[in-house]
Each structure stands twice: as C-alpha cells, then as structure tokens.
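Peer 1: model this:
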Amino acid sequence: MQKKVRKNRKKNNCRRWRQLSFWGKIWRVTWITLLSIWLFTIVQVLTGILWNPILTPLMVQRFFQQASDSNRPVRFERDYVSIDEISPHLVTAVIASEDGLFLYHNGFDVKQLKQAYKENQRGRRVRGGSTISMQTAKNCFLPHKRTMLRKAAEAYYTILIETFWSKERIMECYLNIVEFGDGIYGCEAAAQHYFHHSAAQLTRNEAAQLAATLPSPLKRNPAHSSPYFRKRTAAIQSLAAKYGRINLQAKREDLNPKYLKEMDESLWDFLVWMRKQ
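Peer 2: Residues are numbered from 1 along each chain as shown. I've put the predicted structure just below:
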C-alpha cells in the first residue's frame, strides 16, 4: 500500500513538473538552489561552534601556489588549540593591532569602513577596514580574492558568525586558522615555528611580533625582522599595555557605554552612506 502511495505521489510530481512553463521551471530550480545554499551555510556556521575547519580555502589555495613554484617549499604547519591554551598576551596584542573595538561591534566597524572607503577613493594605500569577525569569516569560509561577490559573501558570513558564535569562539577560531607565514596556520604552529614553545607560553613581545605579521604574513615574520617590523612590534606592545587583559566573556552591560554608542551604525547604514558618496 505504501509503495503504491509513493508511486502515485512520484507520478503526480512528474506531471506537475511537465505542466510548468519554461520560466516556471527556471524559477523553481533557482529558489531550490538558493534555499540549499542558505541551509548549507547555516550548517557550516553551526558546525563551526564546536569544531575548527579541517581545511580552509586559503590553505588549499596556498598549497597549490607552493606546489606550482619550484623556489617555494611546500609547507603545512597547523595545530589547533582551545582559547584556554592561548596566551592572553596574544589575544590583547591582536585586538590592539587589528580591531580595538572587537568586543563592541556586531561584526562591522562602520567608522573604519567609511575611513577606508575615503582613503581608497583618494588613491591612497588600500585599506580594508576589516574587523576580526570579518577576517574570521573570510579565512574560515572563503577564498582570498578581491571581488565584490567575495566581499558580499564575507559580509553575509560575518553576520552569521556574529549571530551564532560568541566573541570568545570567534577569537578562538581566528587565532587557530589565521596565516602567520607561508604554510603556517594558527598561533600554536606559529609559536612552535618561530619561538619553539607553545602558544600558551608566548610573552608580551612574542605576542606583539605575531600580531605584527598579520597584515602581510608572507612578507613579515619574526625570523627576518626589519627595522619597520621591530618598530611596529614595539607600537603594538605599547598599545596592548594600555588595553590590559581582555575579557572575551564580558557582557554588554560591562562594556564602556562611550564605545557602545560609536557602534550604533549598522552595515546597512554604511551601504546607504556609500551610495550617497
């Protein structure tokens, strides 16, 4: 009986499909595809609450770049650790260097985005205005390509991780997958490679050195520090000292109201503002 019901249902579905117009079929395939993609991204992000990705698009991208360059060694160093096994000095140094209002925003620092847009329009050095949340979304889920589609996907994933992940989880994932050198991913692998001990044992100076590599990990690293690198390291260390120890579990009511007010603008406000420029 059940087999007969299934068979009849299948026939009815086939009949309905044949009765659809050409554009009706296109519309149905389109919304089913979009729904599938949306559900896939939700599952990706929810899975990321508990587990770090086995591989990221950047890791795959770098592997093929290394394999195709005879003068470039193929290296893959990675070792995931929990946030409790990462030195608080590194958390503070990275926030001081990359995203001072990490605890205050909901993924987007609109003030920095506006500043970056203005400078880029004037033809100055290209700035991204990316927060740690945006960088985590990009590093975790997307290839590193400068396209508008990738930027849109980055914004979408940023909203998702800010919705489903805690700030502590965002920082933990970021520090475990971010690139610290050619083929060196995550703070534990970087600490072992450059300083020969674990990420938990990083000193203030070592943490500042790792933070200084982040804007350009293929060009900067503690093993071959330039005068600029040492100057940048000292600046990060000085700024981190002012921040003190960062509490990633801080509740919103415990944060400084002054900076919370600065974060009132949303990504939508930035897009409206940019359209008027």
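Peer 1: can you give me the buried ones in the longest helix along the chain?
Peer 2: Assignment by DSSP state H gives helix 22-47 as the longest helix of the chain. Judged by neighbour count using 16 or more other CB atoms under 10 Å, the buried positions of helix 22-47 are residue 45. (Glycine included, C-beta is placed from N, CA and C.)
Peer 1: just the CA coordinates for the helix or strand just after that helix, please, in PDB.
Peer 2: Of the helices and strands lying after helix 22-47 in sequence (DSSP states H and E), the nearest is helix 57-68. Taking C-alpha atoms only, helix 57-68 is exported to PDB below (Å, rounded to 0.1, in the frame of the first residue of the first chain):
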ATOM      1  CA  PRO A  57      40.000  27.700   1.200                       C
ATOM      2  CA  LEU A  58      43.200  29.700   1.900                       C
ATOM      3  CA  MET A  59      45.100  26.600   3.000                       C
ATOM      4  CA  VAL A  60      44.200  24.800  -0.300                       C
ATOM      5  CA  GLN A  61      45.000  28.000  -2.300                       C
ATOM      6  CA  ARG A  62      48.400  28.300  -0.700                       C
ATOM      7  CA  PHE A  63      49.200  24.600  -1.200                       C
ATOM      8  CA  PHE A  64      48.700  24.900  -5.000                       C
ATOM      9  CA  GLN A  65      50.700  28.100  -5.100                       C
ATOM     10  CA  GLN A  66      53.600  26.400  -3.300                       C
ATOM     11  CA  ALA A  67      53.400  23.200  -5.400                       C
ATOM     12  CA  SER A  68      53.500  25.300  -8.700                       C
END
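Peer 1: list the buried residues of helix 57-68.
Peer 2: 57, 58, 59, 62, 66.
Peer 1: helices of the stretch 151-277 of the chain, start to end?
Peer 2: Remark: helices assigned in the stretch 151-277 of the chain by DSSP state H, counting those that start in this stretch are 167-177, 187-195, 204-213, 227-243, 257-262, 267-276.
Peer 1: and the pLDDT at residue 193?
Peer 2: pLDDT, residue 193: 95.
Peer 1: assess the claim that it and residue 183 are in contact.
Peer 2: No: judged on CB atoms under 8 Å, residue 193 makes no contact with residue 183 at a distance of 9.5 Å.
Peer 1: give me the more crowded residue out of the two.
Peer 2: residue 183 (21 against 17; other CB atoms under 10 Å).
Peer 1: list the contacts for that one?
Peer 2: 62, 63, 66, 73, 74, 75, 76, 77 (CB atoms under 8 Å, 6 or more residues apart in numbering).
Peer 1: name the nearest of the residues you listed relative to residue 205.
Peer 2: Of all the contacts of residue 183, residue 205 sits closest to residue 77, with 21.7 Å by CB to CB.
Peer 1: quickly list what's touching both of residue 193 and residue 183.
Peer 2: Contacts common to residue 193 and residue 183, judged by CB under 8 Å, 6+ apart, are residue 77.
Peer 1: CA atoms of stretch 190-203 as PDB?
Peer 2: What follows is stretch 190-203, C-alpha atoms only, in PDB (Å, rounded to 0.1, in the frame of the first residue of the first chain):
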ATOM      1  CA  ALA A 190      53.400  29.900  14.700                       C
ATOM      2  CA  ALA A 191      54.600  29.800  18.300                       C
ATOM      3  CA  GLN A 192      56.300  26.400  17.800                       C
ATOM      4  CA  HIS A 193      57.900  27.500  14.400                       C
ATOM      5  CA  TYR A 194      59.200  30.900  15.500                       C
ATOM      6  CA  PHE A 195      59.800  30.600  19.200                       C
ATOM      7  CA  HIS A 196      60.000  26.800  19.800                       C
ATOM      8  CA  HIS A 197      57.300  26.700  22.500                       C
ATOM      9  CA  SER A 198      53.500  26.600  22.800                       C
ATOM     10  CA  ALA A 199      51.100  29.400  22.200                       C
ATOM     11  CA  ALA A 200      50.300  29.300  25.900                       C
ATOM     12  CA  GLN A 201      53.800  30.400  26.800                       C
ATOM     13  CA  LEU A 202      54.000  33.500  24.500                       C
ATOM     14  CA  THR A 203      55.500  36.600  26.100                       C
END
